[in-house]
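Undergrad: Below are the sequence and a predicted model for it; my questions follow.
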Amino acid sequence: MFKKEDLEQEYNDYANGIIDPRDFYKILYYLFKIFQVIDGPIPKYTYIVKLILLSFALSAFSLLSFSFYHGCDTFDIPLMTEAGTYIILLLYKLLIIHCLKLHRLDYHSMQRTMREDFRFACTTGEKYRKRFFVHHITTRKIYKMIVTFNMCVGVGMNLVSVLFLLYYLITNKSGQGKRPLLFPFWYYDIDFTKTPVYEIAFMYSNFAVLAYAFNFNFYISTQIVWMRQICCKADIVMWHIEDVMHQIRPTRNKMERKAFDNLIRQRMRDIVKHHNSMDLLMTQYAGVYRKLLSFEQLLSAPLVCFSAYSICEKWEESGEINGILLILMMAAIILLFIPSYLCTTLSLKVTSIAFACWNIPFWDASTVIRPYLVLIMQKSLQPLPLKVPGLEEFSMLTFSNKMASAYSFFNMLRQVNRK
């Protein structure tokens with residue numbers, strides 16, 4: 001994905017000395033501070049930021065709930081689907097905020113584990129330093145790309161709404177027709193197309209989209225770094241397993257065998273320590289993200305379906321493209337793909353630890369190594385702690401099934417509306 005030469009050139013900045021993850025992941029730790037999950041003092045201004053984000057989510061959810069109610073009351077399916085799409089997204093945002101409050105200690109533990117791993121790579125694990133930092137440099141590039149993409153989606157939705165408004169002003173000089181609005185607001189006798197209500201609603205909806213993009217940036221970037229950190233832990237375990245038989249050879253000398261056994265026990269203790277740390281990271285990750293991933297799995301198909309249906313209905317009724325929902329739908333598919341891909345990658349990475357145990361010449365050592373290898377292999381072959389009863393596993397196969405379901409729901413809605 002990234003050129004090896006570029007990664008090695010960037011690694012030169014971290015080839016010496018003790019590297020602090022707070023200096024390495026500056027953007028991530030800034031988001032930790034803003035969302036009050038940093039393992040350290042919390043600035044007072046972050047309470048204002050959190051209050052603003054929460055107020056945007058609750059107010060937008062309330063207004064769109066009225067729109068959804070109006071769509072159900074009048075059986076206006078396009079309005080129901082468009083309002084329902086935004087309601088699903090806002091429920092997701094509220095769930096993210098709730099999980100931040102509920103699992104703050106898990107975020108702290110993740111940051112402490114990252115500090116320990118950075119300290120290990122810079123001290124006792126110096127021989128793994130290059131591989132370790134190349135992995136994290138790749139992680140940093142990936143999450144920067146995702147953060148940029150996510151903010152571009154928010155800015156792009158705002159730009160499209162502004163362009164639609166300019167097009168309306170140019171083509172409707174008489175003032176007839178309805179001025180375009182980012183969200184389909186409705187509230188009884190209030191006319192959201194009249195001045196000054198329209199101007200207030202227009203600016204509010206644009207700021208609400210940016211607030212949502214900022215909130216979602218934290219969720220997706222933290223998820224990427226956390227899961228890549230677990231994969232890095234798995235790599236550390238495999239690097240240790242590859243070296244566990246270094247300078248160990250078959251011998252009949254009792255003194256040598258005893259010395260080799262003690263050396264193997266010491267090395268296996270380090271491996272078990274890192275493996276337990278990896279298991280703890282996975283358990284904490286599952287505790288934080290299991291609810292969010294379950295929400296994605298349950299409502300991803302309706303979200304994509306509603307968006308596609310609203311776009312098609314708008315095109316058939318007026319010949320206009322709903323660019324805002326089109327951007328939202330494409331972004332939703334991509335951002336739903338990322339966790340599915342990461343979960344599949346993580347499952348393969350953890351399972352590969354068991355295969356690494358088979359690849360070493362363990363027959364050259366005494367039987368002291370076998371209980372350790374059996375324990376590690378058994379733990380590595382267990383399913384990820386992300387499984388939720390009644391739901392499918394989080395994987396690329398599930399993502400494919402959900403997109404197929406979205407297409408089926410879309411066809412069903414189209415047929416119902418034609419009748």
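TA: Alright, I've got the coordinates.
Undergrad: Please name every helix or strand in contact with the helix or strand harbouring Ala332.
TA: Using DSSP states H and E, Ala332 falls within helix 323-358. Counting contacts by 3 or more Cβ pairs under 8 Å, 6 or more residues apart in numbering; DSSP states H and E, helix 323-358 is packed against helix 77-102, helix 129-171, helix 197-243, helix 254-318, helix 370-380, helix 396-418. For glycine as for every other residue, the C-beta is placed from the backbone atoms N, C-alpha and C.
Undergrad: what's the offset of it from the middle of its chain?
TA: 9 Å (Cα atoms, centre = their mean, to the nearest Å).
Undergrad: can you put the helices and strands packed on helix 323-358 in a markdown table and add distance to Glu116, mean neighbour count and mean pLDDT?
TA: Output for the helices and strands packed on helix 323-358, formatted as a markdown table (distance: least, Cβ to Cβ, whole Å; neighbours: other Cβ atoms under 10 Å; pLDDT from 0 to 100):
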| stretch | distance to Glu116 | mean neighbour count | mean pLDDT |
| --- | --- | --- | --- |
| helix 77-102 | 23 | 20 | 84 |
| helix 129-171 | 12 | 17 | 86 |
| helix 197-243 | 10 | 20 | 89 |
| helix 254-318 | 8 | 18 | 83 |
| helix 370-380 | 20 | 16 | 84 |
| helix 396-418 | 31 | 15 | 81 |
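Undergrad: Quickly note the distance from Ile48 to Val37.
TA: Distance of Ile48 to Val37, computed by Cβ to Cβ, to the nearest Å: 17 Å.
Undergrad: higher neighbour count, those two?
TA: Using other Cβ atoms under 10 Å as the criterion, Ile48 and Val37 rank with Val37 on top: 22 against 10.
Undergrad: helix, strand or coil for that one?
TA: coil (DSSP: H, G, I helix; E, B strand; the rest coil).
Undergrad: Quick one, grab the pLDDT at the nearest residue to it once chain neighbours are set aside.
TA: Using Cβ to Cβ, 6 or more residues apart in numbering and skipping residues adjacent in sequence, the residue nearest Val37 is Tyr107, 3.9 Å away. pLDDT recorded at Tyr107 is 91.
Undergrad: Equivalent analysis for Leu54, please.
TA: In this model, Leu54 carries a pLDDT of 90.
Undergrad: Wasn't it part of a strand?
TA: No: under three-state DSSP, Leu54 sits outside any strand and is assigned helix.
Undergrad: just checking, it touches Ile96?
TA: No: at 10.9 Å, Leu54 and Ile96 do not qualify as touching, with contact defined as Cβ atoms under 8 Å.
Undergrad: re the thing from before, rebuild the helices and strands packed on helix 323-358 as JSON lines, extending it with distance to Met114.
TA: Putting the helices and strands packed on helix 323-358 into JSON lines (distance: least, Cβ to Cβ, whole Å) gives the following:
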{"stretch": "helix 77-102", "distance to Met114": "18"}
{"stretch": "helix 129-171", "distance to Met114": "9"}
{"stretch": "helix 197-243", "distance to Met114": "6"}
{"stretch": "helix 254-318", "distance to Met114": "9"}
{"stretch": "helix 370-380", "distance to Met114": "22"}
{"stretch": "helix 396-418", "distance to Met114": "27"}
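Undergrad: Next, give phi and psi for the residue lying farthest from the centre of the chain.
TA: What lies farthest from the middle of the chain is Asn253; by Cα atoms, centre = their mean that is 54.3 Å. Dihedral angles of Asn253 (phi, psi; degrees, to the nearest 10) stand at phi -80, psi 120.
Undergrad: ok, it to Ile264 distance?
TA: Per Cβ to Cβ, Asn253 is found 16 Å from Ile264.
Undergrad: One more: Thr139?
TA: Separation of Thr139 from Ile264 (Cβ to Cβ): 32 Å.
Undergrad: again with Met377
TA: Taken as Cβ to Cβ, the span from Met377 to Ile264 is 16 Å.
Undergrad: Could you do Ile220 as well?
TA: Taking Cβ to Cβ, one finds Ile220 at 42 Å from Ile264.
Undergrad: same deal with Phe355?
TA: In terms of Cβ to Cβ, Phe355 sits 20 Å off from Ile264.
Undergrad: Skipping its backbone neighbours, what lies nearest Glu116 in space?
TA: The nearest residue in space to Glu116 (Cβ to Cβ, 6+ apart) is Ser277, at 7.6 Å.
Undergrad: mind listing what Met157 touches?
TA: By Cβ atoms under 8 Å, 6 or more residues apart in numbering, the contact set of Met157 is 182, 209, 324, 327-328.
Undergrad: wait, I meant Val153
TA: Contacts of Val153 (Cβ under 8 Å, 6+ apart): 213, 327-328, 331.
Undergrad: and the contacts of Met157 as CSV, adding distance to Ile170?
TA: What follows is the contacts of Met157, written out as CSV (distance: Cβ to Cβ, whole Å):
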residue, distance to Ile170
Leu182, 19
Val209, 24
Ile324, 19
Ile327, 22
Leu328, 25
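Undergrad: which one of the residues you listed is nearest Met396?
TA: Checking those against Met396 with Cβ to Cβ, the nearest one is Leu328 at 22.4 Å.
Undergrad: Please name the nearest non-neighbouring residue to the closest one.
TA: Ser307 (5.9 Å).
Undergrad: ok, that neighbour to Thr124 distance?
TA: 51 Å.
Undergrad: If you drop the residues flanking it in sequence, what lies closest to the residue nearest the centre of the chain?
TA: Nearest residue to the geometric centre of the chain (Cα atoms, centre = their mean): Ile220, 3.0 Å. Once flanking residues are discounted, Ile220 sits nearest to Ile146: 5.6 Å by Cβ to Cβ, 6+ apart.
Undergrad: thought that neighbour was touching Ile338?
TA: Yes: here Ile146 reaches Ile338: they are 7.0 Å apart, a contact under Cβ under 8 Å.
Undergrad: Show me whatever sits in contact with both of these two.
TA: 220, 224.
Undergrad: which ones are touching Leu298?
TA: Residues near Leu298 by Cβ under 8 Å, 6+ apart: Leu391.
Undergrad: what's the distance between it and Ile88?
TA: Leu298 is 10 Å from Ile88, by Cβ to Cβ.
Undergrad: same check, this time on Leu63
TA: From Leu63 to Ile88 the distance is 15 Å (Cβ to Cβ).
Undergrad: And Leu281, by the same measure?
TA: From Leu281 to Ile88 the distance is 30 Å (Cβ to Cβ).
Undergrad: With Pro43 instead?
TA: Taking Cβ to Cβ, one finds Pro43 at 32 Å from Ile88.
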